[in-house]
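K.L.:
sequence plus predicted model, see below.
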Amino acid sequence: MDLRFTDEELAFREEVREFFRTSLPDPIRRRMIEGHHPSKDDLVTWSRILNAKGWAVPHWPVEWGGTGWSPVKQYIFRDELQQAPAPEPLAFGVSMVGPVIYTFGNDDQKRRFLPRIANLDDWWCQGFSEPGAGSDLASLKTTAKRDGDHYIVNGQKTWTTLAQHADWIFCLARTDSAVKKQEGISFLLIDMKTPGITVRPIQTIDGGHEVNEVFLDDVRVPVENLVGQENKGWDYAKFLLGNERVGIARIGISKARLKRVRELASLERVGDVPLIEIPRFREKLAAVEVELKALEMTQLRVVAAEGRREKGKPDPASSILKIKGSEIQQATTELLMEVVGPFALPYQPEEEGRNEPTDGPDWASTIAPTYFNWRKISIYGGSNEIQKNIIAKAILGF
Amino acid sequence: MDFDLSEEQRLLKDSVDRLMADRYDFESRQRYAKEPEGWSRDLWSAYAELGLLALPFDEAHGGFGGGPVETMTIMEAFGRSLALEPYLATVILGGGLIQHGGSDEQKAVYLPQVATGDLRLAFAHTERQSRYDLFDIGTTARRDGGSFVLDGQKSVVLHGDSADKILVSARVAGSRRDRDGIGLFLVDANAPGLSRRGYPTQDGQRAAEVTLEGVRVDANNVIGNPEGALPVIERVTDVAIAALAAEAIGAMDEMLKLTVDYLKTRRQFNTTIGSFQVLQHRSSEVFIAVEQGRSMAMFAAMMAQDRNAEERRKAISAAKVQIGRSGRFVGQQAVQLHGGVGMTMEYKVGHLFKRVTMIDILFGDADHHLSKLAEAGGLMAA
């Protein structure tokens, strides 16, 4: 047992760090530090820089643009990217539909979609949740009925993140309602320009527009856009959600946030003393750092075990990463709320206020919205309560 | 980065696990506790035969040159079985102080005796007023010709009642809370002027109150620099904390296992209570607390020998915070989920709970280490 990075891994970390230092455009870095969501342009620009370097999809098979890095190097890359802080490549493409296509799709689909995902030529969104199918995803009602060379899709998807930018949506739809609910679902790729698709924004409590409702009304989808076999979509969805949990601890993001907390708490004063020197505050901060260090070690244990696991079978211990990762990220947003104090109050809608002077420090405006927005992370990707069910069943054997 | 045990470490783990499985079930443990010294001489010999008492020492001194990972392996097994023997006091603390602070001659004389099980040691450091501050030493060591004369009182000396020799910290110079001026003295337990009062601790182990009245110590029994022992004391304490973290993980893991087994067999309302989601979720939370603790026990083992003392201390404090918090949650929930039976002396889970509670307190509880860590600037630089 040697829990230190090897010299080779350390050299790799330096190389990655250096690349992020020199290649991430400054305006993007600044917006990330200040807690803004990256814009569509930011993400496209950054994804293409990564792709030109050959690092847009490191975890993919080498023939489709992967790097062949070890799990530890993959982890280092992700950690450094988050700490830069750089935008993470659009997960719906590179982490979700991409792996489904290269694992279960046919050759035509691979050639057609994978290179465009890596370069963010196609913006993908996820059509899983429905108004009546959240944690109980398999009860979804959207239907796809075969009509010659097409499926006719009808139904409603919701919580569809960034659908307003999307070129494509991957959808779970029911192709057989006579069988057990998990056994009649298919995985379809749908062009967002197809007639019959309507996107309606949902404003979230932070005031932002991230998620949408997507209505599908007699949408004609060519059968060649079915992934894998008809009625096997639930297997592909489980595979996808397992992949989603692995990256979800977001330790690098929490590291960057805690660094930000420390910086800002050195600027803000309580009486004559910087907030960071108030014992109660710095102990609270240190407590979160301890939890994060524990999670980082847990993450590395999962990563180190990954090489020995059967491909595509997620480690149930990754549920720890989801639960603790989300709790810690949320704790960092609470610390920032404490730092900003009364200047959490002024509300500045993202679209309008960019050039209006703020009441209070200029870094204050994103803090309360981030706190409110970040409540989502213990809900999505399988809520933390669902993760506890997974641990109870898959690990503890209840 | 590699989380696997080496072949040798695997063999060590297997042999310790086998020994504890064969000879340290809970009934045996309760029997050993009633022996005259409060622990088992037979098991002590068995540890010596397996080489456990020699593990951390250099080969030149009869040891095996094992590091913190080997110690972690042993301590985890001890934690699972609630071992009572003075391993921490003798090998980790006493042996550690001699190994890291002693002269070549002192090492050559004493470490082989520890390795064979013939010499038991204890570390008399804590005082009535010192709480967790390692530098707060009121016991004095007055120079008298070539020797020193010790006066003072030491509290909660782990396994001090059965030790053959006691390592005593005492102030040679400076005032009570100075970092400099502290010496470390190896004192025979039967030395004139040394008296001790042994007593049981809450977790079924043993400790002693040690009083020193004009105890004379020769120059050749001074361990290291007589006015500069604090760095060695801090270093060995950090190794001990890493060891205790591993012991706590063994105990927590055992509590989780007992609790999950209990929930799967205990029937109420015509079903096993483990079928209730509220208890499943609580168990999942206990599992997470154990695994987060295990991660920090590994981190502590990795950092316990770090050459950078400041980084080492911060890492050890961080681990102690996590172990204290995880231990409290796991212990309280293990008793809660067992219901009434968890409250009884005759059942193991309550004893595991008491042990992790005492481990939190030893060498500074979670709050103490959190404030130390915070004062030192936290784990992550801005």
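P.N.:
Right, received. Where do you want to start?

K.L.:
tell me which helix or strand in chain A has the weakest average pLDDT.
P.N.:
Across the helices and strands of chain A, mean confidence by mean pLDDT, DSSP states H and E is lowest for helix A:350-353: a mean of 59.

K.L.:
which elements pack onto the very next helix or strand once past that one?
P.N.:
Moving toward the C-terminus from helix A:350-353, the next helix or strand (DSSP states H and E) is helix A:367-373. If contacts are counted by 3 or more C-beta pairs under 8 Å, 6 or more residues apart in numbering or on different chains; DSSP states H and E, helix A:367-373 sits against helix A:318-340. Heads up, the C-betas are built off the backbone N, CA and C, glycines and all.

K.L.:
what about the helix it packs on, average pLDDT?
P.N.:
Across helix A:318-340, pLDDT averages out at 96.

K.L.:
name the helices or strands packed onto that helix?
P.N.:
Using 3+ C-beta pairs under 8 Å, 6+ apart: helix A:318-340 touches helix A:233-246, helix A:251-267, helix A:279-306, helix A:367-373, helix A:384-390, helix B:277-303.

K.L.:
what's the angle between that helix and helix A:233-246?
P.N.:
Counting by axes from the mean of the first three to the mean of the last three C-alpha atoms, to 10 degrees, helix A:318-340 lies at 50 degrees to helix A:233-246.

K.L.:
contacts only, for the residue lying closest to residue B:124 once chain neighbours are set aside.
P.N.:
Once flanking residues are discounted, residue B:124 sits nearest to residue B:154: 3.8 Å by C-beta to C-beta, 6 or more residues apart in numbering or on different chains. Contacts for residue B:154 (C-beta atoms under 8 Å, 6 or more residues apart in numbering or on different chains) come out as B:124, B:125, B:126, B:127, B:139, B:160, B:168, B:209, B:210, B:211, B:212.

K.L.:
and residue B:154, what helix or strand is that in?
P.N.:
According to DSSP H and E, residue B:154 maps onto strand B:147-158.

K.L.:
run me through the strand neighbours of that strand, direction for each.
P.N.:
According to DSSP bridges, strand B:147-158 forms sheet pairs with strand B:140-144 (antiparallel), strand B:206-217 (antiparallel).

K.L.:
off-centre distance for the longest one?
P.N.:
Here the centre of strand B:206-217 is set off from its chain's centre by 21 Å, with C-alpha atoms, centre = their mean, to the nearest Å.

K.L.:
what mean pLDDT does it get?
P.N.:
Rounded mean pLDDT across strand B:206-217 is 98.

K.L.:
list the buried residues for that strand?
P.N.:
B:206, B:207, B:208, B:209, B:210, B:211, B:212, B:215, B:217 (16 or more other C-beta atoms under 10 Å in any protein chain shown).

K.L.:
and stretch B:320-338, by the same measure?
P.N.:
Of all the residues in stretch B:320-338, those buried under the rule 16+ other C-beta under 10 Å are B:320-331, B:333-335, B:337-338.

K.L.:
with only the CA atoms kept, save it in CSV.
P.N.:
C-alpha atoms of stretch B:320-338 as CSV (Å, rounded to 0.1, in the frame of the first residue of the first chain):
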residue,chain,number,x,y,z
LYS,B,320,-8.6,12.6,14.7
VAL,B,321,-11.5,14.9,14.0
GLN,B,322,-13.0,12.5,11.5
ILE,B,323,-12.4,9.4,13.7
GLY,B,324,-14.0,11.2,16.7
ARG,B,325,-17.0,12.3,14.8
SER,B,326,-17.5,9.0,12.9
GLY,B,327,-16.9,7.0,16.2
ARG,B,328,-19.5,9.0,18.1
PHE,B,329,-22.1,8.6,15.3
VAL,B,330,-21.5,4.9,14.7
GLY,B,331,-21.3,4.1,18.4
GLN,B,332,-24.5,5.9,19.3
GLN,B,333,-26.4,4.5,16.4
ALA,B,334,-25.2,1.0,17.0
VAL,B,335,-26.6,1.1,20.5
GLN,B,336,-29.8,2.8,19.3
LEU,B,337,-30.5,0.3,16.6
HIS,B,338,-29.9,-2.6,18.9
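
K.L.:
do any residues in it lie close to chain A?
P.N.:
Yes - Stretch B:320-338 comes into contact with chain A (C-beta under 8 Å from any C-beta of the partner chain), by way of B:321, B:322.

K.L.:
still on that earlier bit, between the buried residues of strand B:206-217, which is nearest chain A?
P.N.:
Nearest to chain A among the buried residues of strand B:206-217: residue B:207, at 28.7 Å, using C-beta to the nearest C-beta.

K.L.:
make sure residue A:37 is actually in contact with residue A:210.
P.N.:
Yes - here residue A:37 reaches residue A:210: they are 7.3 Å apart, a contact under C-beta atoms under 8 Å.

K.L.:
quick one: the helices in chain B?
P.N.:
With DSSP state H as the criterion, chain B has helices at B:7-23, B:26-33, B:41-50, B:68-81, B:87, B:96-101, B:104-115, B:230-265, B:277-303, B:309-338, B:348-361, B:366-375.

K.L.:
right, so of the ones you listed, which gets closest to residue A:199?
P.N.:
Closest of the helices of chain B to residue A:199 is helix B:277-303, at 36.4 Å (criterion: C-beta to C-beta).

K.L.:
what pLDDT, on average, does that closest one get?
P.N.:
Throughout helix B:277-303, pLDDT has a mean value of 97.

K.L.:
got the buried residues for it?
P.N.:
Buried residues in helix B:277-303 (16+ other C-beta under 10 Å): B:279-303.

K.L.:
and what of stretch A:280-299?
P.N.:
Neighbour counts over stretch A:280-299 (16+ other C-beta under 10 Å) mark A:281-299 as buried.
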